[in-house]
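In: coords please:
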Amino acid sequence: MRLSWIPTDALRYYLAMKIIRTNAAVAALTAAALAGCSSPLQVITETEFAASLGVDLSMMEVLPNGVYFPGRGQGTGPQLVYDSEIIYDFTGWLADGTQWDSQIGVSTVFIEREFGAIPGFNPGILGMNEGGTRLLVIPPEQAYGDRERRSAAGVTIPPGSILVMEVMLTRVSLPDPAP
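Out: Predicted coordinates:
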């Protein structure tokens, strides 16, 4: 639809000003949002972990997704594979030693795609045996990223945090073999 009653130059000026005001508003909102983001993502190799956590990166393997783990306490029961029904206990800490949660008897089906809110958890426990314990050091990109979270225990996990989790597999029920 052409607005023939408005001179072309005036219409161009009006539209240009509208675009400039819109872009300025978007820029102002973006700047305001970024101003609150003073916390960059922590880097595992540059982080000093609380001594109480027992994290020694030089003694750990690192997965392609950046999750670190030692082979500590492998267990003697069935090995965890996808589609296993599992029960596990875990305790989670921030790098400074602050405990953010601890749960006993978490029951789930271990599936290939990510489940839960921590993408690095599945790859970190794959291959464990029933009865085994594993300490995971999960980078922010495989945890909550740049989002602040409140744990089930009510502890605030700051944006960009590395998560340290000790996981114990108490039961692994292997899937039925395919017919």
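In: Please work out the average pLDDT along stretch 60-75.
Out: Across stretch 60-75, the average pLDDT comes to 85.
In: One more: stretch 79-88?
Out: 89.
In: what's the answer for stretch 146-159, then?
Out: The model assigns stretch 146-159 a mean pLDDT of 94.
In: all strands for this structure, in order.
Out: In the chain, the strands defined using DSSP state E lie at 61-62, 68-69, 84-94, 99-110, 133-138, 149-150, 156-157, 163-173.
In: Distance to Ile44 and mean neighbour count added to these, as CSV?
Out: (C-beta placed from N, C-alpha, C; glycine too.) Compiled in CSV, the strands of the chain are given as follows (distance: least, C-beta to C-beta, whole Å; neighbours: other C-beta atoms under 10 Å):
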stretch, distance to Ile44, mean neighbour count
strand 61-62, 9, 12
strand 68-69, 7, 22
strand 84-94, 13, 19
strand 99-110, 17, 14
strand 133-138, 6, 23
strand 149-150, 19, 14
strand 156-157, 16, 16
strand 163-173, 10, 20
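In: Tabulate those (JSON lines), appending distance to Leu41.
Out: Below are the strands of the chain laid out as JSON lines (distance: least, C-beta to C-beta, whole Å):
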{"stretch": "strand 61-62", "distance to Leu41": "17"}
{"stretch": "strand 68-69", "distance to Leu41": "15"}
{"stretch": "strand 84-94", "distance to Leu41": "13"}
{"stretch": "strand 99-110", "distance to Leu41": "17"}
{"stretch": "strand 133-138", "distance to Leu41": "12"}
{"stretch": "strand 149-150", "distance to Leu41": "14"}
{"stretch": "strand 156-157", "distance to Leu41": "13"}
{"stretch": "strand 163-173", "distance to Leu41": "12"}
